Each structure stands twice: as C-alpha cells, then as structure tokens.
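> Sequence and predicted structure below; questions after.
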Amino acid sequence: MDNVREQIEFDVLFVGAGPASLAGAIHLMKLAKSQNIDLEVALIEKGADIGSHTVSGAVLNPIALKELIPDYREAGCPIEADVRRDEFYFLTSTRHYRAPFVPKYMHNRGSHIISLSKFVSWLGDIAEGLGVNIFPGFAGKEVLFGPDDRTVIGVRTGDKGVDKDNVPKANFEAGIDILAKVTVFGEGPRGSLQEAISKKLRIFEGKMQQVFETGIKEVIQLPDTNYFSDSLGNDIHTFGYPLGLNTHGGGFIYEMKDNRAALGLIVGLSYQDPMLDLYEEFIRFKRHPFISEVIKGGRVMEQGARTIVSGGYYTIPKLAVGGGLFIGSSASMLNAPALKGIHTSMKSGMLAAETIMEAFAKGRFTQETLNYGHRLEASWLKKELYIGRNFAQAVSKKGLAKFLHIGVQYLTGGRGIFDKMPMREDAKSLTPLTRVYSPHVRLYEKQAYDGILYVDKLTGVYLSKTRHREDQPCHLIVHDLDLCVNTCFETYQCPCTRFCPANVYELDIDEKSRERKLKLNPANCLHCKTCEIKDPYGNITWTCPEGGDGPGYTIV
Ligand code: SF4
C-alpha cells in the first residue's frame with residue numbers, strides 16, 4: 001500500500017478541529033497576513049464535519065474570543081444565551097438546597113452559553129475564509145518522524161476501504177502523508193497521536209499523571225412554558241446526589257435558545273466503586289425531583305459523551321518536541337475550579353500560533369523554538385491554570401475532607417494544605433469487589449425509559465447520530481480477552497460494561513456452561529476514550545476508526 005501513498009506538504013498542520021486548533025489556525029493566518037507572510041496551513045479532523053465530534057458543557061468565557069475576534073457578535077458567533085445568573089445547588093436524593101454563595105471562580109455573568117458543536121463549525125468557516133485548508137473526514141493515524149526518529153514531520157491519515165481483516169476492498173483509498181514544518185496536535189483528551197509521541201519522546205516525564213472526568217450530555221427541547229421562562233438563573237450547577245460525596249462530579253443545566261436546555265452529568269474517573277454505571281447515574285440525575293421539574297414535558301434531541309482532562313497545571317506535558325506542539329485538552333488546558341476549558345484551549349492555540357510565527361522568522365522548528373511555555377507563563381492563562389493546580393486532587397478526596405481541601409485552596413490561591421498534592425492514575429482507583437462490604441455493593445433499580453425524555457443507552461447512541469462502517473478493522477483493541485472474562489470479571493465484574501456510556505462492551509454468560517465472553521459493539525463508540533483511561537488493567541487501546549466515522553453532533 002505504501003508505494004501509492006500520496007504526499008502533500010504544508011507549512012503548518014493542525015490535527016483536530018476543536019477550539020484550540022481553530023483559534024490557533026485563525027490567529028496564525030491573521031498574524032501571517034499582517035506580516036505579509038504566505039503560509040500554507042492545513043487542518044485535519046476525524047469527524048465527518050467540523051463540529052461533529054465536539055461536545056462540551058458549554059459556558060464560554062469570551063476572554064480569548066475577544067482577543068481573537070473582537071467583534072464576534074457582529075461576526076455571527078452562535079450564542080445560545082448570555083448567562084443571566086448562576087445558581088448552585090446541593091442535591092439530596094429528594095431535596096435541593098441553594099448554596100448560600102457561588103464560588104467566585106464559578107461566576108459566569110458575562111459568559112455565553114453555546115453549543116460547542118455549532119461554535120467550532122462557525123470558527124471553521126472563519127478559518128477557511130482566511131485560507132486554512134480544512135479536511136474533515138481525515139483521521140490522523142500515525143505520526144511521521146524525520147530521519148533522526150525524533151522530529152515530527154507530519155501525520156499519515158488512515159486508509160479507507162479496508163475490511164475487518166485489513167484487506168483492501170474495491171473502494172480502497174490509501175491514507176495520505178501530510179508533511180509539515182510544524183504539526184500542532186489539538187486532538188482533545190487522550191489524543192492517540194500524542195500518546196504515540198509520548199511513548200517515544202516521554203513528554204510527560206517528570207509531570208503529574210493526567211486525570212480525567214467523563215461527561216454525558218443532552219440537549220432537550222422544552223415546552224414553550226418552562227423553568228427558564230420564569231427564572232433568572234440560566235446557568236445551574238449541582239453537586240451531591242446522585243454521586244454522593246465520595247465520588248467527585250456534578251450536574252449542570254443551561255438554557256439554550258428556542259426553548260432548549262443543555263443538561264449533563266460529569267463524573268470524575270478517580271471513582272473507586274467498580275459497580276458504578278455512568279449512564280445509570282446520569283439517568284438518576286435527570287430523575288431527581290428538582291431536575292425533572294426543570295426538564296418536564298421535554299424531549300431529548302441529541303446526546304453525547306466525552307472525557308475532560310481535569311488535572312490542570314502540574315499535568316501539562318512538555319509543550320513541544322522538534323517539529324510539533326501540543327495545545328488544548330491534549331496539553332491539560334482546563335481551568336478545573338471554573339469547570340471551563342474552551343477559552344483556555346483557545347488561548348493555548350493562540351500562544352502556539354505566536355510561537356510558530358517566531359519559529360518561521362528564525363527558520364528553525366526545534367523543541368526550543370516551538371516551546372510556547374514562556375508565553376503561557378506570561379499570560380492570563382497561567383494565572384487561571386495555576387489557581388486550579390491542586391483542585392482535581394482536592395475534589396477526588398472522600399466526604400468532608402474534600403471541602404476542607406477546597407476551602408483551604410480557595411483561601412490560599414490554590415496552594416492548599418499540600419502544594420503538588422499527589423494524584424492517583426484513574427485506572428488504579430477501583431476497589432476490588434472482594435474488598436467491598438457486600439451491603440455496600442451498588443445495585444441499580446431497573447429504569448423505566450419512556451424513549452422521549454428518558455432514553456436508554458442505545459437510543460442515546462442513536463441520538464448522537466453515531467455511525468461507523470461495520471466492515472472495518474475494530475478500532476478498539478482489547479489485548480487479552482481472557483484477562484477480561486477471568487481476572488477482571490472476578491475482581492471488578494468487568495467495569496467496562498458500566499463505564500462505557502454507549503454499550504460497546506457486553507458480557508455474555510452462557511446459561512448452561514457459565515462460559516463468559518466479552519462482546520464488542522464498536523459501531524456504537526462515541527469516541528469518549530473512557531475505556532482506555534479507566535480500564536484497570538490497561539487492556540484496552542482506543543485507535544482512530546476510518547475518517548468520517550463516529551458521532552454526528554450538531555447541537556450538543
Ligand atoms: Fe467511550 Fe470507549 Fe465506550 Fe467508545 S468504547 S464510547 S471510547 S468508553
């Protein structure tokens with residue numbers, strides 16, 4: 001196949017069309033034009049369209065957007081609503097209590113509620129208008145290195161039209177080698193190309209372990225008269241039920257235009273209970289009396305899931321290698337206490353763009369010339385990330401200890417009781433079932449789904465518009481199936497069947513022989529990467545399926 005592989009060359013290649021890459025590409029083109037420099041810039045995206053793989057809360061702090069596109073409203077930025085007032089509630093199983101105050105880092109007045117999918121689609125049009133060559137439907141499959149085997153020289157996109165056994169079919173299209181002087185990786189959380197670079201060039205050496213949360217989100221069409229018509233608050237956050245105080249995470253509901261609401265539950269993947277089922281928790285959240293009152297009479301329009309990199313400042317990897325840079329979620333650019341990563345990701349892309357311009361002026365694309373760490377340190381981005389440097393560790397503490405740490409961090413500008421609080425890898429946090437006192441083993445009541453406002457996992461997958469060509473190599477590699485059905489079953493009862501929000505992993509137990517089999521439904525995959533992160537044995541590797549496959553988000 002290699003001898004027919006086409007090569008295309010650009011000056012700069014962005015991988016992934018999230019807010020980081022698009023802000024970076026727009027800023028780069030504007031800087032180049034202002035300096036009369038001709039740059040050939042490309043951007044590849046594995047989703048079928050720009051925005052089709054993008055899901056987030058999403059409340060946008062416009063600080064970076066104002067720097068990038070000062071007249072963004074006039075330029076048609078798709079804003080669903082301006083935040084009028086924040087509301088913060090503690091939920092018990094039946095009641096809700098309004099918090100006496102909203103922590104200052106969660107003040108969102110002046111921010112905008114957006115659909116991230118629509119927002120990046122709008123940014124994509126602007127980037128294209130500035131001359132960026134945008135290629136949706138192209139999955140970066142392999143990092144290309146130069147003769148020294150250390151300098152990134154581009155990315156190979158995935159082949160299309162191979163069957164399950166990797167045999168080319170009649171419609172086979174070989175992937176393309178996209179070569180660039182600079183490749184910018186903005187793949188989002190747990191990028192697979194970044195993982196490959198990390199194995200070779202150890203970009204996380206000396207850094208704290210990245211940790212993650214998984215969010216499941218829906219957009220709900222509400223009746224004309226709804227909670228937001230009578231309420232001032234349109235930016236609601238909750239904690240407590242259903243996760244309790246020993247599992248970190250919480251819920252949100254935001255007003256969207258046209259009588260819609262965005263609603264979601266975020267669960268920290270440091271959770272310990274192997275029986276916890278992310279989707280069941282999400283439905284329990286929706287059924288809480290307070291939440292169900294807000295969404296009553298509604299209909300789920302779209303559903304999605306993704307992970308969030310929440311470790312913050314101490315988990316930022318080396319920001320550059322020879323020929324390559326890391327931006328956005330890939331580089332831990334999340335303000336965890338504020339629950340926001342869009343503006344921070346955008347700013348990282350913009351700082352990267354300024355550094356790339358400088359590297360072009362010098363004509364050198366080494367780790368030193370591409371490292372934008374000094375710009376980050378001098379910007380507002382550093383201040384935001386640094387304040388939350390121990391936040392993920394604090395919220396992963398159990399019970400009231402969590403509030404003690406958060407309180408002290410609040411008063412000490414993020415330093416807290418220990419600065420550089422240690423953190424455990426998410427994959428290592430599950431407690432073996434043999435060590436859980438049996439009355440404490442979590443059991444879920446069977447849910448009644450109405451298929452309208454409360455939909456089951458498979459309907460949720462349908463509503464995410466996820467599509468994968470069935471006859472292609474499985475993009476989820478389970479390295480040892482025996483380990484799954486023996487050791488993992490006996491220790492944790494196959495938690496992949498519960499942490500995957502899309503029913504990709506199913507355990508079949510033969511009634512007579514009691515033989516166990518793990519069945520995979522990769523066509524359901526929402527590309528959230530939870531399985532690769534949370535699997536306690538590191539037995540699952542997520543790889544990119546054929547370009548253009550996956551979710552088809554339009555409004556989440
Ligand atoms: Fe997420 Fe993995 Fe399930 Fe796909 S298979 S939806 S990446 S947990």
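Perfect, thanks for sending it.

> Tell me which helix or strand comes right after the strand or helix carrying residue 286.
Using DSSP states H and E, residue 286 sits in helix 278-287. Downstream of helix 278-287, the first helix or strand assigned by DSSP H and E is helix 289-295.

> Using PDB, write down the CA coordinates of that next one.
Provided in PDB are the C-alpha atoms of helix 289-295 (Å, rounded to 0.1, in the frame of the first residue of the first chain):
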ATOM      1  CA  PRO A 289     -37.300  15.900  41.600                       C
ATOM      2  CA  PHE A 290     -35.600  19.300  41.100                       C
ATOM      3  CA  ILE A 291     -34.000  18.400  37.700                       C
ATOM      4  CA  SER A 292     -37.100  16.500  36.400                       C
ATOM      5  CA  GLU A 293     -39.100  19.700  37.200                       C
ATOM      6  CA  VAL A 294     -36.800  21.800  35.100                       C
ATOM      7  CA  ILE A 295     -37.000  19.400  32.100                       C
END
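
> Now do the following helix or strand past it against helix 278-287, angle only.
For helix 289-295, the succeeding helix or strand toward the C-terminus, using DSSP H and E, is strand 299-309. Following axes from the mean of the first three to the mean of the last three C-alpha atoms, to 10 degrees, one obtains 130 degrees for the angle between strand 299-309 and helix 278-287.

> Does anything pack onto the next helix or strand after strand 299-309? Which helices or strands?
Of the helices and strands lying after strand 299-309 in sequence (DSSP H and E), the nearest is strand 320-321. Applying 3 or more C-beta pairs under 8 Å, 6 or more residues apart in numbering; DSSP states H and E, one finds that strand 320-321 contacts helix 367-370. (C-beta placed from N, C-alpha, C; glycine too.)

> Stretch 430-443: how far from the chain's middle?
Mean-position distance between stretch 430-443 and its chain equals 29 Å (C-alpha atoms, centre = their mean, to the nearest Å).

> Also stretch 294-303?
Using C-alpha atoms, centre = their mean, the offset of stretch 294-303 from its chain centre is 23 Å.

> Just name whatever secondary elements the helix holding residue 286 is in contact with.
strand 212-221, strand 260-268, helix 289-295, helix 496-499.

> Report the buried residues of that helix.
278-286 (16 or more other C-beta atoms under 10 Å).

> Same check on stretch 119-138?
119-124, 126-127, 130, 132-138.

> End to end on that stretch, go ahead and measure it.
Terminal residues of stretch 119-138 are spaced 20 Å apart (C-alpha to C-alpha, to the nearest Å).

> show me what contacts the closest residue to the ligand within the stretch 51-200 of the chain?
Using C-beta to the nearest ligand atom, the point where the stretch 51-200 of the chain gets nearest to the ligand is residue 190, with a distance of 9.3 Å. Counting by C-beta atoms under 8 Å, 6 or more residues apart in numbering, residue 190 touches 210, 212, 307, 309, 529, 532-533, 542.

> repeat that for 10 Å
210, 212, 307, 309, 329-330, 528-530, 532-533, 542 (C-beta atoms under 10 Å, 6 or more residues apart in numbering).

> one step back: mind putting the buried residues of helix 278-287 into CSV with distance to residue 87?
Shown next, in CSV, are those (distance: C-beta to C-beta, whole Å):
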residue, distance to residue 87
278, 24
279, 25
280, 25
281, 21
282, 20
283, 22
284, 20
285, 16
286, 17
